[in-house]
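**Student:** Give me the fold of what follows.
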Amino acid sequence: MPEPFMLALSILIGFALGIISGLIPGIHTNNFALILLALAPTIAHLGFTNTNIAIIILANSITHTFLDIIPAIYLGAPDADTALAVLPGHDMLLDGLGAAAVRLSAIGSAGSIIISLLIAAPLMLFFSRYYDIIRENMGWILIAIIIIMILTESGRYIEGQGSLVHLKYKFYATTIILMSGVLGLLAFENEHLMQPILQLGSPDTSFSPSILLPLLTGLFGAPVLLISIFTKSSIPAQRRSSIDLRSKWVLRGIAVGSIAGSIVAWLPGVSSSVATVLARLAIRGRLEDHRTRAMEFIVSVSGANTSNAVFCLIALFVIGYPRSGATIAVQDLVGRTLNGSTVLLFLTVIALVSIASYITTISLGDFAPSMLKHINYQKLCVTILIGLILMISAGSGAFGLAIFLTAVPIGLLPYYMGIRKSHTMTVILLPVAMYYFGMR
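**Tutor:** Numbering: from 1, shown residues only. The predicted structure is shown next:
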């Protein structure tokens, strides 16, 4: 058990790093995890044990899942975990509800911590028995998810279109899915072509942040910014209002996100971005209006991300395999087999950090509009877009920039086709499925 002062200091450092990685686009928890792992021998001279360093990494990971919604909503700069939340969150921002969107996200993340602890025991029992069977069929599971995405696409309703119009939208969905999937395959297969000016991720890590940055910014972030620029959008006055979402929809969003995030955490090569796709499918078109669906979806996406971070740790304890960059570092620091007391300590740290992260996220979400209200939104969008392009160029070189420029028109198409933007997440789903079929 770490000494109390060093334990508190470790939590505080991890919390601070999580705020930094959450608020600055392009910086991921994996970056800090790898740096801390490399510096572990040096940090040990300052009194930090391997367990202390593992706590820093875990605190960073959890805090990040709370804070990363803020740049996704206010800047249109997503990472893999918040990519789908950019769209409903940005819509709420333009309706004067940016702070409410952040608050919904914080509620989803905080609620998922509670749900995760409640469902931990049965999931631990289930996956300890059936993990090998699921892993063997993972490719087919992902293909099934893609097929469901196509079959459930019905497009936007326009009166007088006819009863067979849904086939047109399914064709559009198939087209976007194939285009995104092929782009993902090309990007990941040729990742070695990247010549970054500034190395942020680990070149040896599959699906490293360096390749995801141009892919996801091109598919999700840049389209939002471009539409705002060319439609002369502006940030309206942001109002401080109570969340206009019934409690049962909030609870369902938390439950859907938590379950999706907890399940994919056990699956090799499957990130929490897949959990957000599952959450999107679970919530599709079953509520009274678009706004209510969007609000519940923000809750569920954030719940999926935080729940996934928690269950990656639990999966390491149960099956002995890491499922994220953070848990890879934790495994290297404290060993492949975690004992019960260490897991209990880590879960306590997660609970404490979640409380602090919830308060911080809401506070920053309320403060951000006051900073933005005096800013020309079009100029801000242009500045952010230029900044993202420079970041992509620095982090992934000419190849990453080419991937970004290819991804942008694909990311714009769903807006004009009237279909769900989540279809572009096959940029990750299809390459992972091909990996399980032995084709990568």
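**Student:** Only C-alpha atoms from now on, for both contacts and neighbour counts.
**Tutor:** Will do.
**Student:** Which is the succeeding secondary structure element to the least confident helix or strand in the chain by mean pLDDT?
**Tutor:** Within the chain, judged by mean pLDDT, DSSP states H and E, the helix or strand with the poorest mean is helix 272-283; its value is a mean of 67. Toward the C-terminal end, the helix or strand that comes next after helix 272-283 (DSSP states H and E) is helix 290-319.
**Student:** Pull out the buried residues from that next one.
**Tutor:** Neighbour-count burial for helix 290-319, with 16 or more other C-alpha atoms under 10 Å as criterion, is recorded at 292-317, 319.
**Student:** Next: stretch 354-361.
**Tutor:** Within stretch 354-361, the residues that qualify as buried are 354, 357-358, 360-361, counting by 16+ other C-alpha under 10 Å.
**Student:** next one: stretch 375-383
**Tutor:** Neighbour counts over stretch 375-383 (16+ other C-alpha under 10 Å) mark 377-378, 380-382 as buried.
**Student:** what does stretch 104-124 rub up against?
**Tutor:** With contact meaning C-alpha atoms under 8 Å, 6 or more residues apart in numbering, stretch 104-124 is reached by 65-66, 69, 243, 250, 253-255, 257-259, 262, 295, 298-307, 310-311, 314-315, 318, 351, 354-355, 358, 361-362.
**Student:** How far off centre is that stretch?
**Tutor:** Relative to its parent chain, stretch 104-124 has a centroid offset of 16 Å by C-alpha atoms, centre = their mean, to the nearest Å.
**Student:** start the count at 46, not 1, going forward
**Tutor:** All set: I'll call the first residue 46, so the last point we hit is now stretch 149-169.
**Student:** Of all the residues in that stretch, which ones are buried?
**Tutor:** Buried residues in stretch 149-169, counting neighbours by 16+ other C-alpha under 10 Å, are found at 149-158, 160-161, 168-169.
**Student:** Look up how far Leu474 lies from Ser225.
**Tutor:** As judged by C-alpha to C-alpha, to the nearest Å, Ser225 and Leu474 stand 10 Å apart.
**Student:** same question, Ile64
**Tutor:** 28 Å.
**Student:** the more surrounded of those two?
**Tutor:** For Ile64 against Leu474, the residue with the higher neighbour count under other C-alpha atoms under 10 Å is Leu474, and the figures read 27 against 22.
**Student:** Okay, and Gln376 sits in which element?
**Tutor:** For Gln376, the host element (DSSP H and E) is helix 370-379.
**Student:** For that helix, buried residues please.
**Tutor:** 370-376, 378-379.
**Student:** and the angle for it with helix 335-364?
**Tutor:** Angle between the axes of helix 370-379 and helix 335-364 is 20 degrees (criterion: axes from the mean of the first three to the mean of the last three C-alpha atoms, to 10 degrees).
**Student:** CA atoms only: put helix 370-379 into PDB for me.
**Tutor:** Once non-C-alpha atoms are left out, helix 370-379 reads as follows in PDB (Å, rounded to 0.1, in the frame of the first residue of the first chain):
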ATOM      1  CA  GLY A 370      -2.400   1.900 -23.600                       C
ATOM      2  CA  ALA A 371      -2.900   2.800 -20.000                       C
ATOM      3  CA  THR A 372      -3.300  -0.800 -18.900                       C
ATOM      4  CA  ILE A 373      -0.300  -2.000 -20.900                       C
ATOM      5  CA  ALA A 374       1.700   0.500 -18.900                       C
ATOM      6  CA  VAL A 375       0.100  -0.600 -15.600                       C
ATOM      7  CA  GLN A 376       0.900  -4.200 -16.500                       C
ATOM      8  CA  ASP A 377       4.500  -3.400 -17.100                       C
ATOM      9  CA  LEU A 378       4.700  -1.500 -13.800                       C
ATOM     10  CA  VAL A 379       2.800  -3.900 -11.400                       C
END
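**Student:** Now do it: distance to the chain's middle.
**Tutor:** That offset, for helix 370-379, works out to 20 Å (C-alpha atoms, centre = their mean).
**Student:** Which neighbouring elements make contact with it?
**Tutor:** Helices and strands in packing contact with helix 370-379 are listed as helix 74-89, helix 95-112, helix 335-364; criterion 3 or more C-alpha pairs under 8 Å, 6 or more residues apart in numbering; DSSP states H and E.
**Student:** Show residues contacting it.
**Tutor:** Contacts of helix 370-379 from elsewhere in the structure, counted by C-alpha under 8 Å, 6+ apart, are 74-75, 78-79, 82, 95-96, 98-99, 102-103, 106, 357-358, 361, 367, 382.
**Student:** Can you flag which of the buried residues of stretch 420-428 belong to helices?
**Tutor:** When DSSP state H defines the helices, the subset of the buried residues of stretch 420-428 inside them is 422-423, 425-427.
**Student:** Please save the CA atoms from the helix or strand containing Leu474 in CSV.
**Tutor:** Here Leu474, judged by DSSP H and E, is contained in helix 471-481. What follows is helix 471-481 as a C-alpha-only set of coordinates in CSV (Å, rounded to 0.1, in the frame of the first residue of the first chain):
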residue,chain,number,x,y,z
THR,A,471,-16.1,1.8,-40.0
VAL,A,472,-12.7,3.5,-40.5
ILE,A,473,-11.8,1.5,-37.4
LEU,A,474,-14.4,-1.3,-37.4
LEU,A,475,-13.4,-2.8,-40.8
PRO,A,476,-9.6,-2.9,-40.2
VAL,A,477,-10.1,-4.5,-36.9
ALA,A,478,-12.5,-7.1,-38.4
MET,A,479,-10.0,-7.8,-41.2
TYR,A,480,-7.3,-8.3,-38.5
TYR,A,481,-9.4,-11.0,-36.8
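**Student:** what sits up against that helix?
**Tutor:** Counting by C-alpha under 8 Å, 6+ apart, 183-185, 187-188, 191, 222-223, 225-230, 233, 260, 314-315, 319, 485 sit against helix 471-481.
**Student:** buried ones in it?
**Tutor:** Residues of helix 471-481 classed as buried under the neighbour-count rule (16+ other C-alpha under 10 Å) are 471-479, 481.
**Student:** nearest to Ile56, of the residues you listed?
**Tutor:** Taking C-alpha to C-alpha as the measure, Ile56 sits nearest to Ile473 out of the buried residues of helix 471-481, at 32.2 Å.
**Student:** From Arg465, how far off is the closest one?
**Tutor:** 16 Å.
**Student:** Then Leu435?
**Tutor:** In this structure, Leu435 and Arg465 are 29 Å apart, going by C-alpha to C-alpha.
**Student:** How about Met484?
**Tutor:** As defined by C-alpha to C-alpha, Met484 lies at a distance of 28 Å from Arg465.
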